[in-house]
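Can you look at this prediction? I've put the sequence above it.
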Amino acid sequence: MTARTRAVPASSLLPRLWLALAALIFVSLTLAAHAQERTVRVGYQKYGTLVLLKGRGTLEPRLKVLGYRVQWSEFPSGPPLMEALNAGAVDFGSAGETPPIFAQAASDALAYVAHEPAAPKGEAILVPKASPIQSVADLRGKKVALNKGSNVHYLLVRAIEAAGLSLADITPVYLAPADARAAFERGAVDAWVIWDPYFAAAEAGGNARVLADGTGLVPNHQFYLSSKTFAAENGPALDAIVAAIAEVDAWAKDNTDAVAKELAPSVGIPAPILSVALKRQTYGIRPLDEAVTKEQQRIADTFHGLKLVPKTVDIAGAVRKPGS
């Protein structure tokens with residue numbers, strides 16, 4: 001017996017067709033949305049407002065409504081972060097005063113977006129407690145550890161100049177913070193120039209004495225930077241990042257103990273020590289004004305004069321105007 005095929009009414013096929021069509025449209029729209037979604041790559045260090053912003057997760061929703069997602073990358077210090085910014089590996093990051101200048105000398109790619117107020121007490125020249133060194137002038141002929149191209153590099157330059165010395169009168173030993181602390185503690189160097197929170201941790205260790213901090217010598221600004229290309233093409237995204245930082249800053253200013261507890265696990269430094277560092281930090285992100293721009297230019301000119309950077313750099317020409 002031959003089975004007869006029953007015809008399926010067209011009316012029963014319509015719902016299936018509509019469901020298939022709806023699914024196809026949904027998939028197409030989803031793929032299109034992902035194709036149009038852009039990424040902001042943020043470079044951060046273990047300590048500072050950006051790592052706090054990452055932990056609180058408040059940047060992602062701000063940027064999502066603008067069609068961006070966020071990708072975070074951690075760096076050990078400012079110089080390698082600035083190198084990554086120059087190379088186009090990140091779009092936004094922060095550093096002290098000196099790393100952007102070294103980066104500008106290597107490339108014209110950087111744009112200064114904003115800064116935090118001066119925090120001169122957040123970096124210092126340390127010597128062992130029992131050291132006979134009692135003044136910066138006593139550093140003549142001594143080994144001094146520091147991170148080359150970091151903000152403390154300028155502190156050392158200014159401090160020894162104020163004491164009537166030059167870099168030729170000391171022996172700089174260029175080491176990253178962890179290696180510098182090890183060298184300092186075993187007596188391989190006579191002094192160590194360092195910033196918070198490593199500064200606070202060294203103080204808490206009990207064998208460090210402050211020879212001089214940045215007071216009266218350097219402003220110790222923190223800068224937020226992007227690339228000129230990214231800034232020109234993604235102005236609303238940059239404004240959203242600055243707004244998110246301002247929001248975190250406003251909270252952190254009056255909640256340093258809570259911030260310390262939040263940061264302690266990622267930084268690897270106990271919260272009470274971080275609280276000391278955070279109280280020396282300044283808060284309130286703002287655009288670069290003429291005074292800050294001129295101070296940064298003085299730092300750049302100083303390093304060029306010392307032949308530590310190969311050419312003059314133009315700070316004012318790299319400053320992004322708000323909303324541009």
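Okay, I see it.

okay, now Ala300: neighbour count?
24 (other C-beta atoms under 10 Å). All C-beta atoms are positioned from the backbone trio N, CA, C, and that covers glycine.

Show the model's pLDDT score for it.
pLDDT recorded at Ala300 is 96.

Can I get the helix or strand containing it as PDB, trimmed to CA atoms?
Per DSSP states H and E, Ala300 falls inside helix 290-305. Extracted in PDB, the C-alpha atoms of helix 290-305 (Å, rounded to 0.1, in the frame of the first residue of the first chain):
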ATOM      1  CA  GLU A 290      48.100  77.400  32.100                       C
ATOM      2  CA  ALA A 291      50.000  77.100  35.400                       C
ATOM      3  CA  VAL A 292      50.000  73.300  35.300                       C
ATOM      4  CA  THR A 293      51.000  73.300  31.600                       C
ATOM      5  CA  LYS A 294      53.900  75.600  32.300                       C
ATOM      6  CA  GLU A 295      55.100  73.500  35.300                       C
ATOM      7  CA  GLN A 296      55.100  70.400  33.100                       C
ATOM      8  CA  GLN A 297      57.000  72.300  30.400                       C
ATOM      9  CA  ARG A 298      59.600  73.300  33.000                       C
ATOM     10  CA  ILE A 299      60.000  69.600  33.900                       C
ATOM     11  CA  ALA A 300      60.400  68.700  30.200                       C
ATOM     12  CA  ASP A 301      62.900  71.500  29.600                       C
ATOM     13  CA  THR A 302      64.900  70.400  32.700                       C
ATOM     14  CA  PHE A 303      65.200  66.800  31.400                       C
ATOM     15  CA  HIS A 304      66.200  68.000  27.900                       C
ATOM     16  CA  GLY A 305      68.800  70.300  29.400                       C
END
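
in the protein, which residue is closest to the centre?
The centroid of the chain falls nearest to Ser94 when counting by C-alpha atoms, centre = their mean (2.5 Å).

from memory that one sits against Tyr224, does it?
Yes - using C-beta atoms under 8 Å, Ser94 is in contact with Tyr224, at 5.0 Å.

Please, where are all the helices along this protein?
10-36, 49-56, 59-64, 78-86, 98-106, 151-162, 177-185, 198-204, 228-233, 235-253, 256-267, 271-280, 290-305 (DSSP state H).

now the angle from the second one to helix 271-280?
The reference is to helix 49-56. With axes from the mean of the first three to the mean of the last three C-alpha atoms, to 10 degrees defining the directions, helix 49-56 sits at 130 degrees from helix 271-280.

which of the residues in helix 49-56 are buried?
Residues of helix 49-56 classed as buried by neighbour count (16 or more other C-beta atoms under 10 Å): 49-54.

Mean confidence (pLDDT) on stretch 151-170, please.
Averaging pLDDT along stretch 151-170 gives 96.

do the same with stretch 204-213
Here stretch 204-213 scores 95 as its mean pLDDT.

For that stretch, what is the spacing between the initial and final residues?
When the termini of stretch 204-213 are compared using C-alpha to C-alpha, to the nearest Å, they are 16 Å apart.

tell me, how many neighbours does Ala103 end up with?
Neighbours of Ala103 using other C-beta under 10 Å come to 26.

Verify the contact between it and Leu110 for me.
Yes - counting by C-beta under 8 Å, Ala103 does reach Leu110; the two are 5.6 Å apart.

what touches both of these two?
Applying C-beta atoms under 8 Å, 6 or more residues apart in numbering, one finds that Ala103 and Leu110 are jointly contacted by 82, 85-86.

now, which of those residues sits nearest Ala163?
Met82 (29.0 Å; C-beta to C-beta).

any idea how far the residue nearest to the closest one when sequence neighbours are not counted is from Leu81?
Leaving out its chain neighbours, the residue that sits closest to Met82 by C-beta to C-beta, 6 or more residues apart in numbering is Ala103, at 3.7 Å. Using C-beta to C-beta, to the nearest Å, Ala103 is found at 9 Å from Leu81.

Sweet, I'm off.
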